[in-house]
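Colleague: Structure, please.
(chains A, B and C)
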Amino acid sequence: MSFFDRVYKVARQIPTGRVTSYGAIAKAVGSPQSARMVGWAMNASPEDVPAHRVVNRNGLLSGKSHFGDSNAMQNLLEAEGVIVKNNQVQDFEKLFWKPEILS
DNA sequence: TGAGTGACTGTAA
DNA sequence: CTTACAGCCACTC
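Modeller: Numbering: from 1, shown residues only, chains lettered A, B, ... in the order given. As a prediction, the model looks like this:
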């Protein structure tokens, strides 16, 4: 199983209406210092991976520009009940979902 | 085989 | 409080 596969496995576990950070996923897959790789994995993520629920540690939609439309990521989040304003998730601390560590 | 790159993060000024 | 900088690891050319 590759690094990417593990990232996808964790990302798919993010509940609807919740968000997490790249660093949190990196930690969950066993490479806490590979947050950048997580982002890269998201760049190549399959459709069944909710990449829009993954933001940076400030709750900022750093990856929105990688979606087709500049509003796509925000629209997806808002459709799930996540309030996004100025490219930033509101109540990020409340909505933050901590992924479980992969064994 | 080696250098470049990136949807990040934590620490320092 | 905001801005800067360096480390990080897996992947591509």
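
Colleague: what's the strand or helix carrying A:Y8 packed up against?
Modeller: Assigned by DSSP states H and E, A:Y8 belongs to helix A:3-11. Here helix A:3-11 touches helix A:22-28, helix A:35-43, going by 3 or more C-beta pairs under 8 Å, 6 or more residues apart in numbering; DSSP states H and E. Where you see a C-beta, it was placed from the backbone N, CA and C, and this is true even at glycine.

Colleague: so of these, which one's packed in deepest?
Modeller: helix A:22-28 (a mean of 22; mean count of other C-beta atoms under 10 Å).

Colleague: Contacts for that helix next, please.
Modeller: A:7, A:10-11, A:32-39, A:42, A:54-57, A:96, A:98-102 (C-beta atoms under 8 Å, 6 or more residues apart in numbering).

Colleague: Buried ones among those?
Modeller: Buried residues within the contacts of helix A:22-28, counting neighbours by 16 or more other C-beta atoms under 10 Å: A:7, A:10-11, A:34-35, A:37-39, A:42, A:54-56, A:96, A:99.

Colleague: Same list, those, but only the ones touching DNA strand C.
Modeller: A:34-35, A:37 (C-beta under 7 Å from any atom of the strand).

Colleague: Kindly reformat the helices and strands packed on helix A:3-11 as a markdown table containing distance to DNA strand B and mean pLDDT.
Modeller: Listed next are the helices and strands packed on helix A:3-11 as a markdown table, based on distance: least, C-beta to the nearest atom of the strand, whole Å; pLDDT from 0 to 100:
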| stretch | distance to DNA strand B | mean pLDDT |
| --- | --- | --- |
| helix A:22-28 | 3 | 96 |
| helix A:35-43 | 2 | 95 |
